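Trainee: Model the structure of this input:
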Amino acid sequence: MASILRTAGRARPALAGSIARPTSRIAPIALQRRYASAAANAVASANGEQPFFPDEPTEPIVQCPIPGPESQRAIERLSKVFDTRSLNMMANYQRSYGNYIADLDGNVLLDVYAQIASIPVGYNNPTLLLAATSPEMASALINRPALGNFPQHDWADILETGILSVAPKGLNQVFTGQSGSDANELAYKAAFMWKRQHQRGGSHVDFTDHEISSAMTNQSPGAPQLSILSFKSAFHGRLFGSLSTTRSKPIHKLDIPAFDWPQAPFPSLKYPFDQYAAENAAEEKRCLDETERLIKEWHAPPAAVVVEPIQSEGGDNHASPNFFRGLRELTKKHDILFIVDEVQTGVGATGKFWAHEHWGLETPPDIVTFSKKAQTAGYYFGNSELRPNKPYRQFNTWMGDPARAILFRAIIQEIKRLDLVQNTAVTGSYLYDGLRRLSDQYPNEVQNLRGQGQGTFIAWDSPRRDEVLKKAKTVGLNIGGSGESAVRLRPMLIFQKHHADLLLERLERIFKS
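Mentor: Numbering: from 1, shown residues only. Just a heads-up that it's a prediction; the model follows:
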């Protein structure tokens, strides 16, 4: 580790220099960099912090409206060959650094959206740069193996020193994949195969001729009438199986055939929790009762329940640990699997490495899916019965990507080196307190503030949400939304108190306008 840190220290000046090339168009960025180290240290010291990126900008730079002329030209060119209708901002990642994202026109924004919660340790992180330029990475990239058939000789070592080193308690195996949607699809397949294996009498019982023939015509019993139960406002992906459990926005689902799978109500809680304890407890009980009814009565029995610790795309909806403990008990009672979708909440964002650690479960989830901040994807499990009874049943060409697993290992090293999970917990508490003060001062702007004790996984409702997001760029902030009215914060794990102060000050500018 010491050699890595020494090398990272040597790499930083070269990296910073490459980001701030001395052209007239980006001179303000270069000038900011020249004095950034001392200024950033001074700002951080005022909060009793040591900055993780001492040479990042000390504040946003807004040169022109976004998109500026250079970005507009780039967008026009891209639109001829690629769909740009969902474009938020044309970024220049070579000039982005730490918590700051740059565009083509000299604008540099404090990024508290972080590629939809997917950047963990900062843009152009030197430790990740070392991992990305290593011979090990080069080999993984140019010789990408079909892992099921031809795994590379050190695949076990890469998994054990990376992905599995942070496995949720009780889960000691992993199946790797490509994306969050893919991870959930694979988890659903595992649940179905597990359920049918139990119904058949165990892994030693082979398939019948009827099962084999009917599977090829998509008929039962080979294609069984089973389901995955998900929740109202949930988001689990955009592939066919995962899309059938996604309930957040119609635009995701329109025109796409879907499985007839059950939707349970997710608690609609009142904030702050401590003022509505009785009402919220009654609401959670109502949702648990309806979930159990669906498990028992749905015409295609669920093989699993899938749930997000915090419903992200659906509006940043929270529930209490009691609700999730209740779900776990229901799945055990009815002999179905409990799948926790940690694609967005995992890898330190909530002040725990995995958000479900907040729940105090007596027994772990059966499956935990992951992606985003991990920069790779897959699902963890502990029960070996979740391995199919025959090869090639849970299989595809790549079955993950060693290059991305190597990157996640470097991310884990950086998180541990800088104690970033604890940093997120501390910074999140500080930020939440600041937002609570703003909500008292501007009650029409910050409504239903939520995320207390959940790291920097914080959100609130705004009656003019879209306008707030648009104005945020004019004051140097990149912020995202979710659901119909939520403003959601998804900063990186390297987000610190001095960044929180800057964010709060810029938000107040917006609220005053």
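Trainee: Please make it C-alpha for all contacts and neighbour counts, starting now.
Mentor: Noted.
Trainee: Am I right that Thr369 is in a strand?
Mentor: Yes. Thr369 sits within a strand when classified using DSSP: H, G, I helix; E, B strand; the rest coil.
Trainee: how near is the residue lying closest to Ser203 once chain neighbours are set aside to Ile411?
Mentor: Nearest residue to Ser203 in three dimensions, chain neighbours excluded: Asn389, at 5.4 Å (CA to CA, 6 or more residues apart in numbering). Plainly put, Asn389 is 34 Å away from Ile411 if you go by CA to CA, to the nearest Å.
Trainee: what's the burial count for Cys287?
Mentor: Other residues near Cys287 come to 20 when the count uses other CA atoms under 10 Å.
Trainee: Just give the number of residues close to Leu288.
Mentor: Residues within reach of Leu288, counting by other CA under 10 Å, total 21.
Trainee: Let me fix that, I meant to ask about Arg328.
Mentor: Applying other CA under 10 Å, we find 22 residues neighbouring Arg328.
Trainee: Pretty sure it sits against Ile336.
Mentor: No. If you go by CA atoms under 8 Å, Arg328 and Ile336 don't touch, sitting 9.7 Å apart.
Trainee: Which of Asn389 and Ile411 has more residues huddled nearby?
Mentor: Higher neighbour count among Asn389 and Ile411: Ile411, with 24 against 17, using other CA under 10 Å.
Trainee: what about that one, which helix or strand?
Mentor: Assigned by DSSP states H and E, Ile411 belongs to helix 402-418.
Trainee: How about Asp182?
Mentor: Using DSSP H and E, Asp182 falls in helix 180-200.
Trainee: Next, the buried residues of the next helix or strand after that helix.
Mentor: Next in sequence after helix 180-200, counting helices and strands by DSSP H and E, comes helix 209-215. Buried residues in helix 209-215, defined by neighbour count with 16 or more other CA atoms under 10 Å: Glu211, Ser214.
Trainee: and helix 209-215, C-alpha only, in PDB?
Mentor: What follows is helix 209-215, C-alpha atoms only, in PDB (Å, rounded to 0.1, in the frame of the first residue of the first chain):
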ATOM      1  CA  ASP A 209     -39.200 -34.800 -20.500                       C
ATOM      2  CA  HIS A 210     -42.300 -32.600 -20.200                       C
ATOM      3  CA  GLU A 211     -40.400 -29.800 -18.500                       C
ATOM      4  CA  ILE A 212     -37.700 -29.900 -21.200                       C
ATOM      5  CA  SER A 213     -40.200 -29.900 -24.200                       C
ATOM      6  CA  SER A 214     -42.500 -27.200 -22.700                       C
ATOM      7  CA  ALA A 215     -39.600 -24.900 -21.900                       C
END
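Trainee: Return the list of helices and strands in contact with the helix or strand just after that helix.
Mentor: Per DSSP H and E, helix 209-215 leads on to strand 227-231 as the next helix or strand towards the C-terminus. Applying 3 or more CA pairs under 8 Å, 6 or more residues apart in numbering; DSSP states H and E, one finds that strand 227-231 makes contact with strand 263-264, strand 302-307.
Trainee: For Arg488, see how far away the residue in the chain sticking out farthest from the centre is.
Mentor: Seen from the C-alpha centroid of the chain, the residue lying at the greatest distance (CA atoms, centre = their mean) is Asp209, 42.6 Å away. As judged by CA to CA, Asp209 and Arg488 stand 52 Å apart.
Trainee: can you check Pro126 too?
Mentor: Separation of Pro126 from Arg488 (CA to CA): 28 Å.
Trainee: again with Gly455
Mentor: From Gly455 across to Arg488, the span is 13 Å (CA to CA).
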